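Colleague: got a predicted structure here, sequence first:
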Amino acid sequence: MRSRGKRREVCPDTRKECSRLQKALRTFVRNRLAVIGAVILTGIIVCAIFAPYIAPHPPLQMDLTNMHAPPGSPGHLLGTDNLGRDVLSRLIHGSRISLSVGLVVVSIAAVIGTAMGLLSGYYGKATDVVIMRLVEVFVAFPFLILVVAAIAILGPSLYNVMLVLGLVSWPIYARLVRSEVLAIRELPYIEAARAIGANNARIMFRHVLPNCLSSVLVTAAMSMAGAILSTAALGFLGLGVQPPTPEWGMMLNEAKQFLRRYPWEIFYPGVAIMLVVLALNFLGDGLRDALDPHLRR
Amino acid sequence: MLSYIVRRILIAIPVLIGITFITFALISFAPGDPISSMLMGNESLNPELAGSLRAFYGLDQPWYVQYATYLGNLLRGNLGISIASRAPIGKSILQFLPNTMLLAFSSMLVALLIAIPIGIISATRRNSLFDYGSLTLAMFGVSMPSFWLGLMLMLLFGLRWRVLPVYGMGDWSEGVWDVLSHLILPSLTLGAAMAALLVRLTRASLLQVLSQDYIRTARSKGLRQSVVLYKHGLRNGLLPVVTAAGLQFGRLLGGAFIVESIFSWPGMGKYALYAINVRDYPVIQATTLVFALSFVVVTLLVDIAYTVIDPRIRYD
């Protein structure tokens, strides 16, 4: 007879105990904010993928007879900007740029950072010292300064933004992965693997790495939020994607000039940025609660 | 403890050298070189002049010699000459840096003044409406782009209600309030983002401290809740908050960048941004260096202060 104390997590279809993935999913779903974040993010991803079909107007189409139209004007739900382009369409197309930059940046940073962290934590000694010093030097720079300076020198373009942001963000992953590796390295199953005769590369990739992945995923979600904010900041400074490509930060930059006469124009791009970043933050928080092996349920 | 401080300083030195190297290397990626920017495309007219100028500035030397010269100049306090204004950069930086420091300090003050009370109340009234409200607000604060908040504040307080100035720094000679009124909006903008971060940290840290055994002891001794909170709880709970604030200060120096440009605050950020727009490479290099150096110094000071405040670290 089952005791009344502990409630065992039993999956509805099989009567066995749930796998780790199913437990994580269940924790995630219980977190309402995380679910909201996931829903919003999915919506934005759909916008980004199907942008040409969803947007009511072409984003680059100027209409100089209808500039600065207020929101609610016929045919333009959110109004038009200083060149008569439809704001809503530009926002929808802008999601493509923000999301793609975020993804690329995080991928570059995560791959480089994880590799560095693995090497640093696993081999230790000289490798560790060198890599950690490198991390410290990068971390010593106020993030935005380095990025802005690099873009100023390399020239503003989408490609450069992705590259620079990615190259500046890897230290977070390196530190994180390194600390995880240091913990995992001493566990018995690693020793067992070595005893069977697995070489270092195999141990690293097959045994150590998969256990670090959950933290990397959580960090990736949060740092994607940061990447999108940085992209918008660069766009705002005029150092990111160049006009006429619709990018949310750039739209804010253009709207800023008309603050006095058409104040509503700064509202919508800012809301868009905030929405995506918020969704990613919620998602990251939820992921962390769901995947963290240290939290006991 | 002294040995710890000395050790930390020694560790910081290779980092500082790395920073100078990166800022030096950064410029090498620039298209052309300073001479071609100076001659502005007229180089083909007189290649001998270009050649002799290059030799004069040592630009034909191998990179390690150039780097050594650069380091030597730095150690002597010579940060180079601006291409745009022909003025020594060091002097300009000394002019603008105090303004940025003022902004950074007041932003941090604003952030702490907002975050700590809210964090304390949130922790003591856990899971209440106030708690959820403040946490949600903090989430929004962290997700909001700072330049957007700045623009909205500018719109509200400067244009719609017209209570605060939105441009520049004001003049010390016109009295303290003139500068102070110019300081409010930029500090609020910068401070809000940091406050959002600090609220969550204060709450989490305080919650952790309040669950400790010695708090239970203090309560069971019969001490009033306020005494328990302030004398025992806060002293330990605020520790991570203060260190985080100190570390964020270094980043404030850099993030002030955007806010300074929105509000035309005459600080390092605006100076650097202007240099970027006109491609004034020596200034870009120098300002990046100064930002990074000040960040390292601040981090070092915070680390040392932490050992002073928290005796547990000392016997490491």
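Modeller: Everything's here; your move. In this text the structure is predicted, and so the values were computed from the model without any measurement.
Colleague: what distance separates the worst-scoring helix or strand of chain A on mean pLDDT from the centre of its chain?
Modeller: Taking mean pLDDT, DSSP states H and E as the measure, helix A:200-202 is the helix or strand of chain A with the lowest mean score, a mean of 73. The offset between the C-alpha centroid of helix A:200-202 and the centroid of the whole chain comes to 30 Å, using C-alpha atoms, centre = their mean, to the nearest Å.
Colleague: hmm, who's touching it?
Modeller: Residues external to helix A:200-202 that are found in contact with it (C-beta atoms under 8 Å, 6 or more residues apart in numbering or on different chains): A:Tyr122, A:Ala193. For glycine as for every other residue, the C-beta is placed from the backbone atoms N, C-alpha and C.
Colleague: next secondary structure after that helix?
Modeller: The helix or strand immediately downstream of helix A:200-202 is helix A:209-236, counting by DSSP states H and E.
Colleague: hmm, the helix or strand following that next one touching chain B?
Modeller: Taking DSSP H and E as the definition, the helix or strand that follows helix A:209-236 towards the C-terminus is helix A:248-256. Yes: remark: helix A:248-256 sits within contact range of chain B at A:Gly249, A:Leu252, A:Lys256, by C-beta under 8 Å from any C-beta of the partner chain.
Colleague: the last one against B:Met152, yeah?
Modeller: No: under the criterion of C-beta atoms under 8 Å, A:Lys256 is not in contact with B:Met152, lying 11.3 Å apart.
Colleague: what do these two both touch?
Modeller: Both A:Lys256 and B:Met152 are in contact with A:Ile266, where contact means C-beta under 8 Å, 6+ apart.
Colleague: chain A contacts on the stretch 51-200 of chain B?
Modeller: Proximity of the stretch 51-200 of chain B to chain A, by C-beta under 8 Å from any C-beta, involves residues B:139-140, B:142-148, B:151-152, B:154-155, B:159-160.
Colleague: in helices only, show me these.
Modeller: Within those, residues falling in helices by DSSP state H are B:Met139, B:Phe140, B:Val142, B:Ser143, B:Ser146, B:Phe147, B:Trp148, B:Leu151, B:Met152.
Colleague: what residues are up against the third one?
Modeller: Think B:Val142. For B:Val142, the set of contacting residues under the criterion of C-beta under 8 Å, 6+ apart consists of A:Val277, A:Asn281, B:Ala193, B:Ala196, B:Leu197.
Colleague: let's see it at 10 Å
Modeller: Applying C-beta atoms under 10 Å, 6 or more residues apart in numbering or on different chains, one finds that B:Val142 lies in contact with A:222, A:225-226, A:229, A:274, A:277-278, A:281, B:192-197, B:199-200.
Colleague: need the residues of the stretch 201-316 of chain B near chain A, please.
Modeller: Proximity of the stretch 201-316 of chain B to chain A is assessed by C-beta under 10 Å from any C-beta of the partner chain, with B:250-258, B:261-262, B:268-269, B:272-273, B:275-277, B:279-281, B:284-285, B:287-296, B:299 identified as the residues in range.
Colleague: give the buried subset of these as a PyMOL selection command.
Modeller: The following PyMOL command selects only the buried members of those, with burial defined by 16 or more other C-beta atoms under 10 Å in any protein chain shown:
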select buried, chain B and resi 250+251+252+253+254+255+256+257+258+261+262+268+269+272+273+275+276+279+280+281+284+285+287+288+289+290+291+292+293+294+295+296+299
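Colleague: taking the residues of the stretch 201-316 of chain B next to chain A one by one, which sit in helices?
Modeller: Those of these mapping onto helices are B:250-258, B:261-262, B:268-269, B:272-273, B:275-277, B:281, B:284-285, B:287-296, B:299, per DSSP H.
Colleague: just the pLDDT for the closest residue to A:Pro243 other than its chain neighbours.
Modeller: Here the nearest residue to A:Pro243 in space, its sequence neighbours aside, is A:Met250; by C-beta to C-beta, 6 or more residues apart in numbering or on different chains that works out to 6.2 Å. On the pLDDT scale, A:Met250 is placed at 89.
Colleague: roughly how far does A:Met250 sit from chain B?
Modeller: From A:Met250 across to chain B, the span is 12 Å (C-beta to the nearest C-beta, to the nearest Å).
Colleague: count of residues packed around that residue?
Modeller: Residue crowding around A:Met250 was assessed by other C-beta atoms under 10 Å in any protein chain shown; the count is 27.
Colleague: quick check: it touching A:Ala232?
Modeller: Yes: using C-beta atoms under 10 Å, A:Met250 and A:Ala232 qualify as a contacting pair, with a distance of 8.5 Å.
Colleague: so what sits against both of those two?
Modeller: Shared between the contact lists of A:Met250 and A:Ala232 (criterion: C-beta under 10 Å, 6+ apart) are residues A:Gly94, A:Ile97, A:Gly240, A:Pro269.
Colleague: after the helix or strand hosting the first one, which helix or strand is next?
Modeller: In other words, A:Gly94. Following DSSP H and E, one finds A:Gly94 within helix A:87-123. Counting by DSSP H and E, the next helix or strand C-terminal to helix A:87-123 is helix A:125-140.
Colleague: by contact count, what packs against that next one?
Modeller: Taking 3 or more C-beta pairs under 10 Å, 6 or more residues apart in numbering or on different chains; DSSP states H and E as the contact definition, the neighbouring helices and strands of helix A:125-140 are helix A:87-123, helix A:158-185, helix B:2-28, helix B:281-309.
Colleague: please identify the most buried of those.
Modeller: Greatest average neighbour count among the helices and strands packed on helix A:125-140 goes to helix A:87-123 (a mean of 22), per mean count of other C-beta atoms under 10 Å in any protein chain shown.
Colleague: and the angle for that helix with helix A:158-185?
Modeller: For helix A:87-123 against helix A:158-185, the angle by axes from the mean of the first three to the mean of the last three C-alpha atoms, to 10 degrees is 40 degrees.
Colleague: contact partners for the residue nearest to B:Ile276 when sequence neighbours are not counted?
Modeller: Excluding its sequence neighbours, the residue lying closest to B:Ile276 (C-beta to C-beta, 6+ apart) is A:Ala152, at 4.1 Å. Under the criterion of C-beta under 10 Å, 6+ apart, the neighbours of A:Ala152 are A:237, A:239, B:26, B:30, B:272-273, B:275-277, B:279-281, B:284, B:288.
Colleague: what do you get for A:Ala174?
Modeller: With contact set as C-beta under 10 Å, 6+ apart, A:Ala174 has these partners: A:109, A:112-121, A:131-132, A:134-135, A:138-139.
Colleague: tell me what the host helix or strand of B:Val199 is packed against?
Modeller: Assigned by DSSP H and E, B:Val199 belongs to helix B:176-210. Packed against helix B:176-210 by the contact rule (3+ C-beta pairs under 10 Å, 6+ apart) you find helix B:89-124, helix B:129-143, helix B:146-153, helix B:213-220, helix B:235-263.
Colleague: what comes up buried for that helix?
Modeller: If you call a residue buried by 16+ other C-beta under 10 Å, then helix B:176-210 has these buried ones: B:179, B:182-207, B:209-210.
Colleague: pLDDT (mean, whole number) over that helix?
Modeller: Per-residue pLDDT values over helix B:176-210 give a mean of 85.
Colleague: how far off helix B:213-220 does it point, in degrees?
Modeller: Helix B:176-210 runs at 90 degrees relative to helix B:213-220, counting by the same axes, to 10 degrees.
Colleague: now helix B:176-210 against helix B:129-143, angle please.
Modeller: Per the same axes, to 10 degrees, the angle that helix B:176-210 makes with helix B:129-143 is 120 degrees.
Colleague: helix B:89-124 and helix B:176-210, what's the angle between them?
Modeller: Angular relation of helix B:176-210 and helix B:89-124 on a 0 to 180 degree scale: 50 degrees, by the same axes, to 10 degrees.
Colleague: among the ones in helices among the residues of the stretch 51-200 of chain B next to chain A, the buried ones, what's the PyMOL command?
Modeller: Written as a PyMOL command, the selection of buried residues from those, which uses 16+ other C-beta under 10 Å, is:
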select buried, chain B and resi 139+142+143+146+147+148+151+152
